Structure formats: C-alpha cells, structure tokens
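What follows is a predicted structure for the sequence shown.
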Amino acid sequence: MIAVLLKIRYILVLPLLILSLLTTPVAVSTDSAELIGDDMFVFDQALMMGQGITTDGEYFYTSGAIAALNLTFLAKFDADNLMFVDAKMNPLPDVCSDRGNNHIGGISYYEGKIYASVEGPDEGFPCIAVFDCETLKATGEVYDLDIENYDDGVPWCAVDRETGLLYASKWSDAETIYVYDIAKSMELVREIPLTGIGVIDRIQGGEFYNGTLFLSNDLDNGGFIKNILSVNIQTGEVAVAAERNVGGDNVEAEGMTFSETEDGLILHVLDYNKLIGVNMRHYNVNF
C-alpha cells in the first residue's frame with residue numbers, strides 16, 4: 001500500500017516539479033551572498049514550508065499556512081539530506097483554533113521547542129505558540145501579545161539562544177522590536193526603537209547568530225533583490241547585511257535560519273514562488 005501511495009505521489013509531483021523548474025526565477029549569487037544550493041519543493045511539501053524555517057542542527061523545522069482554507073502546518077526535515085521526516089496539519093492548540101487563529105508565520109528553535117508566531121483571522125489575536133520538536137505537537141503554551149503593538153499581526157519571532165529572550169515585531173512599518181523573557185512566561189522586558197535605516201517593513205522571519213539579530217526582508221519594490229537585515233540589539237541600529245538576487249519579481253521571501261559547517265556559516269532562506277512551489281536556498285555568508 002505504501003509503495004502504491006508513493007507512486008501516486010510521484011506521478012502527481014513530477015509534472016509540478018517540471019513546471020516549477022520551467023517557471024521559477026533562477027536565483028544568482030551577489031557580492032554579499034554566494035548561492036551554493038537551491039532545493040525546490042512542490043505539492044504537499046511546499047504547503048508545509050511556505051512560511052518559516054529554523055534548525056537545531058540535526059533537523060530543519062518548517063511552517064506553512066493557507067489562511068483561506070484554515071490550514072496550518074509544521075514539518076521536520078533531515079538537515080543533512082532534506083529528506084522528509086514528519087509533519088502535522090493544523091497543529092495549533094484548541095485555544096488558538098477556537099478563536100480563529102489560522103496562520104503560523106516565522107518560527108525559532110530553543111531548548112527542544114519551536115516558538116511560532118501565530119495570528120488571524122485578519123491578523124487578530126497575535127500570539128506565540130510553542131511546539132515540541134520531537135513530536136511537533138503543541139505543548140499547550142500560548143502567550144498572547146498586545147494587539148496595540150501588532151495591529152497588522154506578528155509575522156516572525158526569533159529566540160536568542162544565549163539569553164532565552166524572544167524578539168518580535170509587527171509586519172509593516174515597524175519602528176520597534178519587542179523583547180520577551182521566555183523564563184518569565186513571555187513577560188515583555190524591553191522595547192528596542194529602531195535606528196539606522198529606520199522603519200522595517202515586510203519582515204518574514206528572523207534568527208540570531210553570534211549575538212546579532214538577522215531578518216528576512218521581503219522588499220516589495222518590483223525588483224529582484226531581497227535583503228537580509230542585521231539588527232544591533234543593544235543600539236537598535238538596522239543595516240543591510242546581505243542582498244539576495246532571487247531572479248524575478250514573483251518571489252516572496254519567507255523565513256530564514258543559519259547552520260554552521262566545517263566550511264563556514266550557511267544561510268538558509270525560503271522563497272515562495274507564487275505560481276507553484278517553494279525554494280530553500282543556501283548561501284555562504286560572512287557575517
């Protein structure tokens with residue numbers, strides 16, 4: 001039976017994969033981000049990874065959402081070969097689903113758990129929901145955020161693994177990043193006014209590396225360039241850390257994460273091809 005299902009999946013996926021290869025813009029390296037790998041996902045796996053990504057070094061964890069159908073996903077892939085391991089559809093706890101939360105955005109790993117930014121309907125009820133990495137099931141921990149600070153939802157969150165502090169902002173025209181202490185039941189402990197390039201817009205995911213917060217910026221300027229921003233969490237200064245050329249203007253930059261290898265730091269970013277699939281792109285960067 002399993003063999004039959006795998007054949008059916010292969011028959012369905014193959015034409016979609018060919019179509020994606022023909023229609024997906026070809027990303028290229030830039031001076032600040034050397035493209036070293038590009039993995040394409042279509043069909044069911046694309047649904048599982050169209051929003052966020054994080055890693056514990058052994059696995060990649062991804063999130064997906066189709067708000068129009070009230071579908072959300074968490075998935076796990078082997079970090080060495082990107083083979084699918086497990087997934088959960090509609091993993092949100094009852095307190096979230098009962099009030100209409102229908103979107104999981106950016107995610108971040110910390111001490112065996114996945115911290116996920118959750119919102120909806122209509123960007124309402126912004127919160128952080130927590131999931132167990134081993135099972136992908138909700139732990140029951142849900143932390144509501146002040147909607148006055150997230151009037152258009154909470155699209156991303158990132159945990160500083162050195163301090164146990166979680167960082168988040170609203171999606172559009174954000175002037176402030178909010179900092180929460182996980183050990184104190186997500187108590188708001190600090191607000192960081194942003195300087196440098198100032199207001200940040202269309203932030204889809206974030207992750208820490210070496211004490212600096214990095215953000216995936218889905219520039220909406222009709223061009224091919226998507227930025228990775230850096231945030232000095234002491235001063236609030238925002239700068240462009242890297243530019244990515246995604247090869248076309250029909251690509252939406254989503255979540256990001258890092259892994260360290262013998263060859264150096266690798267940046268992984270999800271790019272959603274609005275036609276059919278998701279690309280996980282891998283870059284050599286020198287941050």
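Structure's in. What do you need?

residues touching the closest residue to Arg202 other than its chain neighbours, list them.
In space, not counting the residues next to it along the chain, Arg202 is nearest to Asp218; the distance is 4.3 Å by C-beta to C-beta, 6 or more residues apart in numbering. Heads up, the C-betas are built off the backbone N, CA and C, glycines and all. Listed by C-beta atoms under 8 Å, 6 or more residues apart in numbering, the contact set of Asp218 reads Arg202, Ile203, Gln204, Lys226, Glu252, Ala253, Glu254.

change it to 6 Å
For Asp218, the contact set (C-beta atoms under 6 Å, 6 or more residues apart in numbering) comprises Arg202, Gln204, Glu252, Ala253.

Look up which residues are beta-bridged to the nearest residue to the third one once chain neighbours are set aside.
By that I understand Glu252. Nearest residue to Glu252 in three dimensions, chain neighbours excluded: Tyr272, at 4.4 Å (C-beta to C-beta, 6+ apart). In this structure, Tyr272 bridges to Glu252, Val278 when assessed by DSSP bridges.

mind listing what Tyr272 touches?
Taking C-beta under 6 Å, 6+ apart, we find Tyr272 in contact with Gly50, Glu252, Glu254, Val278.

Give me the helices and strands touching whichever helix or strand the third one is part of, please.
The secondary structure element spanning Glu254 is strand 251-261 (assigned by DSSP states H and E). Secondary structure elements in contact with strand 251-261, counted by 3 or more C-beta pairs under 6 Å, 6 or more residues apart in numbering; DSSP states H and E, are strand 52-55, strand 203-209, strand 264-273.

tell me which residues of that strand are tucked away?
Val251, Glu252, Ala253, Glu254, Gly255, Met256, Thr257, Phe258 (16 or more other C-beta atoms under 10 Å).

Just the buried positions in stretch 220-230, please.
Of the residues in stretch 220-230, those buried (16+ other C-beta under 10 Å) are Phe224, Lys226, Asn227, Ile228, Leu229, Ser230.

and it, how far from the chain's centre?
16 Å (C-alpha atoms, centre = their mean, to the nearest Å).

contacting residues around it?
202, 212, 214-215, 217, 219, 238-247, 249, 253.

Would you list the phi and psi of Cys96?
When read as degrees, to the nearest 10, the backbone of Cys96 gives phi -80, psi -50.

tally of neighbours for it?
Residues near Cys96, counting by other C-beta atoms under 10 Å, number 24.

distance of it from Val130?
From Cys96 over to Val130 the distance is 11 Å, taken as C-beta to C-beta, to the nearest Å.

swap in Thr55?
17 Å.

Now do the helices in the stretch 1-150 of the chain.
2-23, 43-47, 94-97 (DSSP state H, counting those that start in this stretch).

so where do the strands sit in the stretch 101-250 of the chain?
103-110, 113-119, 127-132, 138-144, 156-160, 165-169, 176-181, 187-193, 195-196, 203-209, 212-217, 225-231, 237-245 (DSSP state E, counting those that start in this stretch).

export these to CSV and tack on mean pLDDT?
Output for the strands of the stretch 101-250 of the chain, formatted as CSV (pLDDT from 0 to 100):
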stretch, mean pLDDT
strand 103-110, 97
strand 113-119, 98
strand 127-132, 98
strand 138-144, 98
strand 156-160, 98
strand 165-169, 98
strand 176-181, 98
strand 187-193, 98
strand 195-196, 95
strand 203-209, 97
strand 212-217, 98
strand 225-231, 97
strand 237-245, 97
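
Put together TSV for those, with distance to Asn81 on each row.
Shown next, in TSV, are the strands of the stretch 101-250 of the chain (distance: least, C-beta to C-beta, whole Å):
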stretch	distance to Asn81
strand 103-110	19
strand 113-119	21
strand 127-132	23
strand 138-144	28
strand 156-160	26
strand 165-169	30
strand 176-181	35
strand 187-193	38
strand 195-196	39
strand 203-209	21
strand 212-217	24
strand 225-231	25
strand 237-245	24
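
looking at those strands, which is closest to Val26?
Nearest of those to Val26, taken as C-beta to C-beta: strand 237-245 at 9.4 Å.
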